[in-house]
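[1] Here's a sequence, model it:
(chains A and B)
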Amino acid sequence: MAQAVSWWRYALVGVLVGALALAFYVAATGFPSSKVDAQDFVDLQQGATPHEGFRRAHAKGFCVAGDFVSSGALADYSTATLFAAGSTPLQGRISIAGNNPMAPDLKAPVRSLALSIETAAGDVWRTAMNTPPVMAVRHPQDFYQQLVALGNGTIQQFFAEHPESATFREWAAGYRASGSFATEVYHSINAFYLVAANGERQAVRWRAVPRAELVDTVPAEFADSDDALQQEFTARLREQPVVFDLVFTLAEASDDETDPTVLWPAARTEIVAGQIVLRSATAQLEGDCNAINFDPLVLPDGMAPTADKILRARSAAYAESYRRRAREQ
Amino acid sequence: MSKVPQFSRAARWLHWSMALLLLSLLFAGLTMVRALEPWQLTLLQLHKSFGLVALVLVLIRLWVRMRTQAPALPADLAAWQRVSARLSHIGLYACMLAMPVSGYLMQNAAGRPLEVFGVLTLPALLEVDLAVYGMLREVHGWVALAFIVLILVHVAAALQHGLIRRDGVLQTMTGRRRP
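    Okay, here's the model as predicted:
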């Protein structure tokens, strides 16, 4: 080499390259922050021995397919083509809470209906609805602690420390699981915006309200099976499609659409957007729903997410669970 | 032997703008797969949109690279360093292509629509398939790791030329080389 090289030049190269490497490391791990991230969430949900190839949350379920038959009643509120009058095919999944794909249907505290509605033009709307109408907490970090508390038996203490859980607790105290997946009400929980052609946003929540007559308990012929609710649903579908009204609730200015722990007053305007008509059911690993990540932040043009912190946290957590089971295929 | 003293203006412009873009994409990617923050969705959408920009830019860049002459390395450079330079550059280009292609296709396999800046919806080139998604998702992650390692090697080598050897190689890309 032509010139003598002083030590600080080597040091400078080392410092610059090291700083870049450190920046990548921090971005990849979050260190030194100890905030719960998507990986922590899914680690907690799957437990010590993951059920490989299955969803980490709501592991037990089955695929359904049918149509969303829109009445056109929301067309003035949203430019989404699937809200124009007409029918759009849907893939769905009915499931129970928990990480065990073999869990007994009747022991689960929460039941779910998830939908993926895709128009011919490729617009997709995904929604994951649950039986509770609200969350117990407002922040993903608190939700993590709630799951921890559920696991270690300190949930009552957790609720006492989180007064925002009052509405949830009130619902839980009054809720009685029905005898069929077809006779539950499934809620969006989080609020979203419908976006009209003029750009105006209307905050909404929605719920799937069963058309079928309420059955209090599972028919005796299925009651002893771990798959009681799945069997009941399949038998029901052999008779006729299972239908839900998709009912939208419109928020008013005084409602906080970013808070998933509170219910809006019962007097709010409600609009029936149409019917969810479920025509067939398939075991989950054989069904089309198995490849779908029911990320509720997959929204068509004409819908938008609110700033609800729980809602905004869902995409990364769902993606991590999806990645893990996809890798195990 | 190449006679040009430095990279063409187009090549330099593409190099530095893509350096900024690709570092941003890598940092956004590493962050958004973990973050439970309210801005995660916005970051995800920007990552996808700018990922497509990166794909277009790398195609232009490869075209420019093939049409213009690159400056020669110094004659006294060791053979292993010449080979390393060549291989790492090929590796960097391979990563620049593999990242957006695997990202695009994995969204197809997941059945997720790909919107660019909220205005253009890209066509799906693959059927929805969980196993294919699983493979592409891991490819996207592993190529990102290889890309980061290659970028660190590239930066270290560039600084070695600029600060230690002081042989003018770094200046072929900064555009300060005197003919």
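
[2] Just want the phi and psi numbers for residue 110.
    Using chain A. Phi and psi for A:Val110, reported as degrees, to the nearest 10, are phi -130, psi 140.

[3] To clarify, I was referring to chain B.
    phi -90, psi 0.

[4] Next one: it, what pLDDT does it get?
    We have a pLDDT of 97 for B:Ala110.

[5] strand partners of the helix or strand bottoming out on mean pLDDT in chain B, parallel vs antiparallel please.
    The helix or strand of chain B with the lowest confidence, counting by mean pLDDT, DSSP states H and E, is strand B:120-122 at a mean of 91. With DSSP bridges as the test, strand B:120-122 is paired with strand B:114-116 (antiparallel).

[6] For the partner strand, list every residue counted as buried.
    By 16 or more other CB atoms under 10 Å in any protein chain shown, the buried positions in strand B:114-116 come out as B:Leu114, B:Glu115. (C-beta placed from N, C-alpha, C; glycine too.)

[7] now what about it, what contacts it?
    Contacts with strand B:114-116, where a contact means CB atoms under 8 Å, 6 or more residues apart in numbering or on different chains, come from B:Gln45, B:Lys48, B:Ser49, B:Leu52, B:Tyr104, B:Gln107, B:Asn108, B:Thr121, B:Leu122, B:Ala124.

[8] what about A:Leu246, which SS state?
    Here A:Leu246 takes the strand state, with states given by DSSP: H, G, I helix; E, B strand; the rest coil.

[9] Quick one: distance of the helix or strand containing B:Leu105 to the chain centre.
    Taking DSSP states H and E as the criterion, B:Leu105 maps to helix B:79-109. Helix B:79-109 sits 7 Å away from the centroid of its parent chain (CA atoms, centre = their mean, to the nearest Å).

[10] Okay, buried residues for that helix please.
    Going by neighbour count (16+ other CB under 10 Å), the buried part of helix B:79-109 is B:85, B:88, B:91-92, B:95-109.

[11] Likewise for stretch A:220-237?
    A:Phe222, A:Asp227, A:Ala228, A:Leu229, A:Gln230, A:Gln231, A:Glu232, A:Phe233, A:Thr234, A:Arg236, A:Leu237.

[12] One more: stretch A:168-185?
    A:Phe168, A:Trp171, A:Ala177, A:Ser178, A:Gly179, A:Ser180, A:Phe181, A:Ala182, A:Thr183, A:Glu184, A:Val185.

[13] Could you let me know which of those ends up closest to chain B?
    Nearest to chain B among those: A:Phe168, at 19.8 Å, using CB to the nearest CB.

[14] Can you name the residue of the stretch 101-250 of chain A nearest to chain B?
    A:Pro140 (4.3 Å).

[15] tell me the contacts of the residue nearest to that residue when sequence neighbours are not counted?
    Leaving aside its sequence neighbours, A:Pro140 sits nearest to A:Ala313 (CB to CB, 6 or more residues apart in numbering or on different chains; 3.7 Å). Going by CB under 8 Å, 6+ apart, A:Ala313 touches A:Pro140, A:Phe143, B:Leu36, B:Glu37, B:Gln40.

[16] what helices or strands is the helix holding B:Leu105 leaning on?
    Packing partners of helix B:79-109 (3 or more CB pairs under 8 Å, 6 or more residues apart in numbering or on different chains; DSSP states H and E): helix B:9-32, helix B:40-67, strand B:114-116, helix B:130-159.

[17] Of these, which is nearest A:Leu297?
    Among those, the nearest to A:Leu297 by CB to CB is helix B:40-67 (5.5 Å).

[18] So that closest one, near chain A or not?
    Yes. Counting by CB under 8 Å from any CB of the partner chain, chain A is contacted by helix B:40-67 at B:Gln40, B:Leu41, B:Leu44.

[19] OK, contacts around the residue nearest the centre of chain B?
    By CA atoms, centre = their mean, chain B has its centre lying nearest to B:Met96, at 3.6 Å. For B:Met96, the contact set (CB under 8 Å, 6+ apart) comprises B:Met18, B:Leu22, B:Ala54, B:Val58, B:Arg61, B:Phe147.

[20] Narrow the residues you listed to those that are buried.
    B:Met18, B:Leu22, B:Ala54, B:Val58, B:Arg61, B:Phe147.

[21] and those residues, which two are the farthest apart?
    Largest pairwise distance in these, by CB to CB, is 15.1 Å, between B:Arg61 and B:Phe147.

[22] can you list the weak-confidence ranges in chain B?
    Across chain B, the ranges flagged by pLDDT under 70 are B:1, B:178-179.

[23] for the stretch 1-150 of chain A, same thing?
    A:1-3.

[24] try 50
    Applying pLDDT under 50 to the stretch 1-150 of chain A picks out residues A:1-2.

[25] Show me the helices in it, by range?
    Ranges of helices within the stretch 1-150 of chain A are A:7-29, A:38-46, A:140-152, based on DSSP state H, counting those that start in this stretch.

[26] okay, the ones you listed, which one's buried deepest?
    helix A:38-46 (a mean of 20; mean count of other CB atoms under 10 Å in any protein chain shown).

[27] Contacts (any at all) between chain B and that one?
    Yes. Helix A:38-46 is in contact with chain B by CB under 8 Å from any CB, via A:Ala38, A:Gln39, A:Phe41.

[28] and A:Glu184, what does it touch?
    A:Glu184 sits next to A:Arg111, A:Leu113, A:Thr131, A:Ala177, A:Ser178, A:Pro210 when contact means CB under 8 Å, 6+ apart.
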